[in-house]
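# Okay, predicted coordinates and the sequence, questions at the end:
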Amino acid sequence: MRRVIGGSGRRDPAPPSSGPTAGSSGGSTPTPAPSGDPLTIEHIVAVEAPREFRIDPRGRSIAFTQESGGARQLYIQPVRGGMPVRITSSEKPISDPRWSPDGRRLAFVRDMAICIVDIDGTRLTTVTDHPAGNTAPHWSPDGGRLACISRRRGWAQVWVIEAPVPRRGRPAAVPRRLEPRPVTAAGLDVEEFEWSPNGTRLAVAGQRGPSVRHASRISIVDVATGDERRIGGGGDWECGAHWLPDGGLLFLTDASGWFDVVRLAPDLEARTVVTAGPPEHGEPGGGFGYAPLPSPDGSRCVHIAVHDGLVDLVVTAVAGSGPLKRGRGRPPKLPRPSVAGGTPIQPWAGVWRAVGWLPDGAWIAAIGESATRPQDLWLLPVPGVAPEGSRPRPMSTSLPAVLAPAVARFAPEERVTVGARDGLRIEGTLLRPSTASGRRGGRRVPAIVNVHGGPTWQSYRGWGPFRQVLVRDGFAILDVDFRGSTGYGRTFREANMGEWGHADVFDVIDAARWLREQPWCDGRLAIWGGSYGGYLVLSALVEEPSLWAAGIDLYGDSEIAESYRHGDRPGRIDLDRQMGSPDDPGRGDLFRRGSPVYRAERLEAPLLILHGRRDKRVVPLMSERMIEALEIEGKHHEVHWYDDEAHGWQSRENRRDAFTRTREFLRRHVLEAAVPTGS
């Protein structure tokens, strides 16, 4: 999937002087930020939230990663409170920590190698390393083996290796070298997997190539023999499998037209629907936080419910798992109301994902964020199971105190609906300055259309303070969920198949026209997006050139047939699934229609292009092709390359730089531009 990864930005110099902007009487000046205002790029890029929380099997500690010393390090924090303890000191970032079943060791990824360390920081060991890389370490239930995903034979296969056993006494004169072996077959690109409770099988979800309907299918693989049993008929998108204690499975499927949670019996045949959409109860990725998690006894599961750009956490009984068990303490007198068969447990509206259950089944560890809260870890009581009076408890605090006053003044979010030209309903989230009220005496401001990546994704209403910086500058911003976005059912998600850079870009243009018609908008419009969003930026600029005052393309495609031939395998499969092969004579016209590089002569708006030189999803060739076409046509454009970045910005310095370049470009070419005649 061509998803946006990271944000943008580097230096935060003194803000440029504010240019003129239109008011209700024809012109005014943006209100300057107060002296000492903490809402600056310098401040927001310094907010580094902890990530990748994992609960130890005994429910006593939580492992996570957080930036320190220029790289993400491994930390452990007690569940009952106390200061986190830093375990690693690495120049390379640490990711994906996983507890051993006995809770005494942690496996993690460092510099594409799988490593193990004791929780006291001793016995740091590299288990397996390979130039092709290793990801997603998973311990076997007995702790004797580790499984991971590696492309060492050209496919994302699951490999299994014996876990090193801590030795006492003198080390062996000739240590035995442990070698992994592949478990899954070539031809299957595994995206996620999980050990069965008895350690004899793996539930894997992955891709086997293009299909009109799905990108993921679940299989059960015998660890000893590699024999594979595929689940279902293969006509639906299925992912996010987790084993139940009885040997059954919980997973996500869009068989009903909406992502729902389904229970598979231990015979791996009989299915029971746990949820019934709408809304969606999962994301197509099915990965960490988006898949249903069964309780320790298998009687319940926690899953997401997606609506209005938000994600709720819901606890639902798992049918066929026996009577529900209640935890210690008296049940609450006023239990939370059930929603669609389940009970929501999040303490406030935002974007929530479950991390895991505590062993007693009475508490769920979850991460939550919103437009005014960075990501943090919470312990959430399960209604009817946790003792009476239990309340949600935050386990981390990522918002710096210096930003709290600015956050209190953040512009509120508004959900809006736009009618596309073919009648399809397009939703989005709008931010605008408080003075842009649309009433007499209010200011009229320019607007930015923000286009998400994917395309199989959506604009969640999470932490994104750079948008608030732009609102403070005097812009309105609309995050638009064009056709092809998730969260609105399978029909909507598949509505841009064969229509890349065409029907979906019409949605973006229709959203921009809606903005221009609002009484608080002065008619000046910009468009900004990354990855697939950057591709739609280019497509919109050449499709409706006179509509835009500026465009910002972050690592977006320009020629999708060439992107197919040069990009990485996951991106190529995704493009093939949605557009077919560019080598198919019957698809050639669709690929050319969806490639904005061939219409570069139509572009009118100034364009900023930012791209990482190490990008393998949208290769640098995509921007190079567009830059060449712009130079041939003599079009106004600016370009900046990040030599050390891949698909998105991971470095804080690069985020700061890209945010700064984006802000200055928008202020120079939109805020300081003349208001269109008749606006």
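Arrived safely.
# Output the lowest mean pLDDT helix or strand found in the chain.
Least confident helix or strand of the chain, by mean pLDDT, DSSP states H and E, is strand 342-344 with a mean of 88.
# helices or strands up against that strand?
The helices and strands touching strand 342-344, judged by 3 or more CB pairs under 8 Å, 6 or more residues apart in numbering; DSSP states H and E, are strand 300-307, strand 310-317. For the C-beta atoms, the positions are set from N, CA and C on the backbone; glycine is no exception.
# Report the inter-axis angle for the last one versus strand 300-307.
Translated: strand 310-317. Compare the direction of strand 310-317 with that of strand 300-307 by axes from the mean of the first three to the mean of the last three CA atoms, to 10 degrees and you get 150 degrees.
# Strand 310-317 packs against which elements?
Partner elements for strand 310-317 (3+ CB pairs under 8 Å, 6+ apart): strand 300-307, strand 342-344, strand 351-357, strand 363-370.
# For Leu575, find the nearest of the ones you listed.
strand 300-307 (24.5 Å; CB to CB).
# got the CA coordinates for the closest one in PDB?
Output of strand 300-307 as PDB, limited to C-alpha atoms (Å, rounded to 0.1, in the frame of the first residue of the first chain):
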ATOM      1  CA  ARG A 300     -14.200 -11.600  24.700                       C
ATOM      2  CA  CYS A 301     -12.300  -9.600  22.200                       C
ATOM      3  CA  VAL A 302     -11.400  -5.900  21.800                       C
ATOM      4  CA  HIS A 303     -11.600  -4.400  18.300                       C
ATOM      5  CA  ILE A 304     -11.900  -1.100  16.600                       C
ATOM      6  CA  ALA A 305     -14.900   0.700  15.200                       C
ATOM      7  CA  VAL A 306     -14.100   3.400  12.600                       C
ATOM      8  CA  HIS A 307     -16.400   6.400  12.100                       C
END
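# Give me the below-cutoff pLDDT ranges for the stretch 451-600 of the chain.
Applying pLDDT under 70 to the stretch 451-600 of the chain picks out no residues at all.
# One more pass at 90, please.
The stretch 451-600 of the chain contains residues with pLDDT under 90 at 569-574.
# mind listing the helices for it?
Ranges of helices within the stretch 451-600 of the chain are 465-473, 490-493, 503-516, 532-543, 560-566, 569-579, 588-593, based on DSSP state H, counting those that start in this stretch.
# Let me know the angle separating the longest one from helix 532-543.
To tie it back to what came earlier, the one meant is helix 503-516. Computed by the same axes, to 10 degrees, the angle between helix 503-516 and helix 532-543 is 70 degrees.
# For helix 503-516, which helices and strands make contact with it?
By 3+ CB pairs under 8 Å, 6+ apart, helix 503-516 packs against strand 414-419, strand 425-431, strand 445-451, strand 476-481, strand 521-530, helix 532-543.
# And the helices in the stretch 1-150 of the chain?
41-44.
# looking at the helices of the stretch 451-600 of the chain, which is buried most?
Most buried of the helices of the stretch 451-600 of the chain, by mean neighbour count (mean count of other CB atoms under 10 Å): helix 532-543, with a mean of 28.
# just to revisit the earlier point, can you put the helices and strands packed on helix 503-516 in CSV and add distance to Arg104?
Shown next, in CSV, are the helices and strands packed on helix 503-516 (distance: least, CB to CB, whole Å):
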stretch, distance to Arg104
strand 414-419, 48
strand 425-431, 45
strand 445-451, 46
strand 476-481, 45
strand 521-530, 41
helix 532-543, 43
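# Tell me which of the ones you listed sits nearest to Arg263.
strand 476-481 (29.9 Å).
# Report the separation between the two terminal residues of stretch 279-289.
17 Å (CA to CA, to the nearest Å).
# Which positions within that stretch qualify as buried?
279-286, 288-289 (16 or more other CB atoms under 10 Å).
# right, and out of those, which lies closest to Thr200?
After measuring these against Thr200 - CB to CB - the closest member comes out as Gly286, at 22.8 Å.
# So which of the helices and strands packed on strand 342-344 has the densest surroundings on average?
Buried most deeply of these, by mean count of other CB under 10 Å, is strand 300-307, with a mean of 24.
# Can you check what angle separates it from strand 414-419?
Using the same axes, to 10 degrees: strand 300-307 against strand 414-419 is 60 degrees.
# tell me which strands and helices strand 300-307 is in contact with?
strand 293-294, strand 310-317, strand 342-344, strand 351-357.
# Can you flag the weakest of the ones you listed by average pLDDT?
The stretch with the lowest mean pLDDT among the helices and strands packed on strand 300-307 is strand 342-344, at a mean of 88.
# Could you pull up the residues touching the residue nearest to Glu48 when sequence neighbours are not counted?
Closest residue to Glu48 apart from its sequence neighbours, by CB to CB, 6 or more residues apart in numbering: Glu67 at 4.4 Å. When contacts are counted by CB atoms under 8 Å, 6 or more residues apart in numbering, Glu67 touches 48, 73, 652.
# now the second one: how far from Gly489?
Remark: distance between Gln73 and Gly489 (CB to CB, to the nearest Å) = 41 Å.
# now do His281
For His281, the distance to Gly489 - CB to CB - is 12 Å.
# Now list whatever residues contact both of the two.
Joint contacts of His281 and Gly489 (CB under 8 Å, 6+ apart) are Trp258.
# For Gly226, which of the helices and strands packed on helix 503-516 is the nearest?
helix 532-543 (35.5 Å).
# Show me what that closest one is packed up against.
So helix 532-543, by 3+ CB pairs under 8 Å, 6+ apart, packs with strand 445-451, helix 503-516, strand 521-530, strand 550-554.
# Please save the CA atoms from the last one in PDB.
Provided in PDB are the C-alpha atoms of strand 550-554 (Å, rounded to 0.1, in the frame of the first residue of the first chain):
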ATOM      1  CA  ALA A 550       0.200  26.300  -5.300                       C
ATOM      2  CA  GLY A 551       0.900  22.600  -4.900                       C
ATOM      3  CA  ILE A 552       3.200  20.600  -2.700                       C
ATOM      4  CA  ASP A 553       4.100  17.000  -3.700                       C
ATOM      5  CA  LEU A 554       5.800  14.800  -1.100                       C
END
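# and it with strand 521-530, angle?
20 degrees.
# Show residues contacting strand 550-554.
With CB under 8 Å, 6+ apart as the criterion, strand 550-554 contacts 4, 8, 526-531, 533-535, 537-538, 540-541, 605-611, 623, 626, 658, 662, 665-666, 669-670.
# ok, now with 6 Å
Strand 550-554 is contacted by residues 526-528, 530, 534, 537-538, 541, 605-610, 662, 669-670 when judged by CB atoms under 6 Å, 6 or more residues apart in numbering.
# cool, and stretch 427-438?
So stretch 427-438 is contacted by 309, 411, 413-414, 416-417, 442-443, 445, 461, 467, 471, 476-481, 519-520 (CB under 6 Å, 6+ apart).
# Spit out the contact partners of Asp102.
Gly143.
# I'd like the distance from it to Thr122, if you could.
Taking CB to CB, one finds Asp102 at 15 Å from Thr122.
# now Asn496
According to CB to CB, Asn496 and Thr122 sit 52 Å apart.
# Next: Pro50.
Distance of Pro50 to Thr122, computed by CB to CB: 23 Å.
# Pick out whichever of these two has more residues nearby.
Pro50 (23 against 10; other CB atoms under 10 Å).
# Tell me how far that one lies from Asp120.
20 Å.
# If we go by neighbour counts, what in stretch 142-149 is buried?
143, 145-149.
# try stretch 579-586
579-582.
# Phi and psi next, for Ala406.
Phi and psi for Ala406, reported as degrees, to the nearest 10, are phi -70, psi -40.
# so it makes contact with Leu39?
Yes: using CB atoms under 6 Å, Ala406 is in contact with Leu39, at 3.9 Å.
# circling back to that earlier point, identify whichever of the helices and strands packed on strand 300-307 lies nearest to Trp237.
strand 310-317 (18.5 Å).
# Now find how far off-centre the closest one is within its chain.
Computed by CA atoms, centre = their mean, to the nearest Å, the separation of strand 310-317 from the middle of its chain amounts to 18 Å.
# Before I go, just wanted to say thanks for your time.
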